[in-house]
Every structure is written in structure tokens, then in C-alpha cells.
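S.K.: the sequence and its predicted three-dimensional model are supplied below.
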Amino acid sequence: MIDFQEVINEIYSDLKTTKDKGTVASYIPELEKQSASSFGIYLKHLGGKDYHAGDWDVAFSIQSISKVLALSKAITFENKNLWQRVDVEPSGNPFNHLSLLEQENGIPRNPLINAGAIVIADILVTHLKNPKEDFLNYVREITGDQTIDFNLKVVASEKRTGFNNYAAANLLKAYNNLDNDVEEVLDFYFHQCAIEMSCKQLANAFYLFTHRGECINKTKHLTLNQVKRINAIMLTCGFYDEAGEFAFEVGLPGKSGVGGGIVALLPNDFVIVTWAPGLNEKGNSLIGMQALEQFTTKTKRSIF
Ligand code: DON
């Protein structure tokens, strides 16, 4: 029997004292206020047993992790049409890369790079009556937690500096792959990225993808086929130009965000979330990736 709490403690104390903790994101100025020494780990098994260490209960900006939650809602509205508008191939490029979008006629490589997530945001803006409020309520519902909210300072900060996302949205619009106004879609996208959640809340939300589409309060939100697709996309595209490295070192579907969070999961077994705001040069949490590599190596649990 593996003592999961002991494994988590070992990883935590090993990495907490590491000197190189990476660099906190600064291109969204509000995120630069985070401390590179924050570090939390939270593990939740199917059935509910959980283990944690450090700052697992502190809410942080989930950023790109929200793209998976947005996709999981959009897929329930447009399961077929969605895949005409966004592809499912890894990009091998940074999350904000633009030139492929132009080469490929406005069809983003996948729903987890920024351009793809903006198309998903467009679908949600089309289908949700009060898009921001309804999406927040969906996240609250699957997490079983009504306290989750947007950080409006992060929204404003990203709006001021999100030139790359404005460029992506305008290109999408030029290629007729955006139905709603650029401003409206980006306002929604910046809000979804600015949701704040703790490691524990994220583990509860992503329970859906390890538990065959059923959330922690037992409501079925997704079919098995939809869950398969979302987990496959996390595995192949969840870490941008580091997706191969993450599969190679960690061996789990997962998603990172520039707020320093990483969620990874083993279907039918567990969800694990790390938060450490210092990023590597590819924009993924440096310590978080190391913690997850240690976890799957020590526990010998991965999809492979
Ligand atoms: O659009 C952006 O650039 C951010 N709101 C999200 C980027 C992000 O988290 C990339 N993930 N590692």
C-alpha cells in the first residue's frame, strides 16, 4: 500500500527548498504580484480520499486551466460543429502563437491554445444567456462551491495588455471563425481566465474528467465519449510546446496556467493539482512539473 500523504510530504519538502523556482508571469501585470515561494499540492482519489501539503487551500488565478472547463461546457452545445472550427492537433508552439492560425485559414490547432480557446469562448457567448454569470455558475456547480469568483483586477490587467489575444480574435474574425464581436468574446475569455480557485477546488472541478463525466455531487455532465476527447486533448495539447515533455516525464493528461497551477489526472483513479507561480521558459510551472514527475515516478501511476 502506498502512503500517499507521505509521498506528497516528501515531494513538498524536497521542492519547497529548491533554489530555482522559475519566474512569475509578468505579461499580465496583476499576476506579477504572486510570490514565487507559494507552493501547494492537493491529491483527490475517486471516492473522495484526499491528501495535501503547503498552500493547497489558497485561491489563485486559474488562467489557461479554465480552457478545459470552457471546452467541457461548449462540447455539450456543439459536439460536431465545434470540431469544424477548431482542430485537435498539438501545435508545437507557444500558447499565444499566431502564424499557424494564418497559415491554416483561421482554424486554430486545438482548443487549448489561446486562439482555439477564443473560438470556444465565442461558442459559449452564443449559447449562454448570461455568458459570464452562467459559466461561473457552471464552474461553481461542478466544484460544489459557491464561493468561486472572478478576480476583476486580473480581468482589467489582461484587457490592458492582451494585444496578442486581440490580434488572435481579429484574425479569427477576418477568417469568419468568430460569430460574436471581438470585444464581447474577449471580455468573456478574460473573465474565464481570471477565475480564482485553490488546488482543492480545481481537484473537485476536474473530478468530472476522472469520474467518467460525473461531478462530485453525482450529476452527469458529459458522455464517456466527450470525456475521452477532453482527456486526449489535455494529454496532447495541455502544455503547448511542452506537451511531449509532460507526457514523457509525468505521463498524465493535464493542463497548466500562467498563474502557476497544473491539474493532472489518471482516469478512474485520481486528480492531482499543484500550484507554484514560478514558470519555466515555456510558461508552465517549473516546480509543479517537477512535483508531478516525482509523484508518478514514486507511485508508479500514469496512463502508461
Ligand atoms: O490569454 C492568456 O494569455 C492568459 N489569459 C492565459 C495563458 C495561459 O495561462 C497559458 N498557460 N500556460
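M.R.: Okay, I see it.
S.K.: other SSEs contacting the helix or strand containing Leu100?
M.R.: Secondary-structure element containing Leu100, defined by DSSP states H and E: helix 99-103. Taking 3 or more C-beta pairs under 8 Å, 6 or more residues apart in numbering; DSSP states H and E as the contact definition, the neighbouring helices and strands of helix 99-103 are helix 163-174. From N, CA and C alone the C-beta is placed, and that goes for glycine too.
S.K.: quick one: distance of the helix it packs on to the chain centre.
M.R.: Shown here is helix 163-174, whose average C-alpha point lies 21 Å from the average C-alpha point of the whole chain (C-alpha atoms, centre = their mean, to the nearest Å).
S.K.: going forward, count from 57.
M.R.: Okay, residue one is now 57; in that scheme the one you just asked about reads as helix 219-230.
S.K.: neighbouring contacts of it?
M.R.: Here helix 219-230 makes contact (C-beta atoms under 8 Å, 6 or more residues apart in numbering) with 152, 154, 157-158, 162, 164, 170-171, 174-175, 178, 214, 234, 238, 241-242, 245-246.
S.K.: could you flag which of those are buried?
M.R.: In the contacts of helix 219-230, burial by neighbour count holds for 152, 154, 157, 162, 164, 170-171, 174-175, 178, 214, 234, 238, 241-242, 245-246, counting by 16 or more other C-beta atoms under 10 Å.
S.K.: near the ligand, which of these show up?
M.R.: When the buried ones among the contacts of helix 219-230 are filtered against the ligand using C-beta under 6 Å from any ligand atom, the residues retained are Asn152, Asn170, Glu214.
S.K.: how far out from the middle of the chain is the helix holding Leu156?
M.R.: Between the centre of helix 155-159 and the centre of its chain there are 23 Å (C-alpha atoms, centre = their mean).
S.K.: tell me the secondary structure at the closest residue to Cys293 other than its chain neighbours.
M.R.: Taking C-beta to C-beta, 6 or more residues apart in numbering as the measure, Cys293 lies nearest to Asn166, with 4.2 Å between them; neighbours along the chain are not counted. Classification of Asn166 by DSSP: H, G, I helix; E, B strand; the rest coil places it in coil.
S.K.: ok, Asn166 touching Glu145?
M.R.: Yes: taking C-beta atoms under 8 Å as the definition, Asn166 is a contact partner of Glu145 at 6.2 Å.
S.K.: what touches both of the two?
M.R.: Residues within reach of Asn166 and of Glu145 at once, by C-beta under 8 Å, 6+ apart, are Thr292, Cys293.
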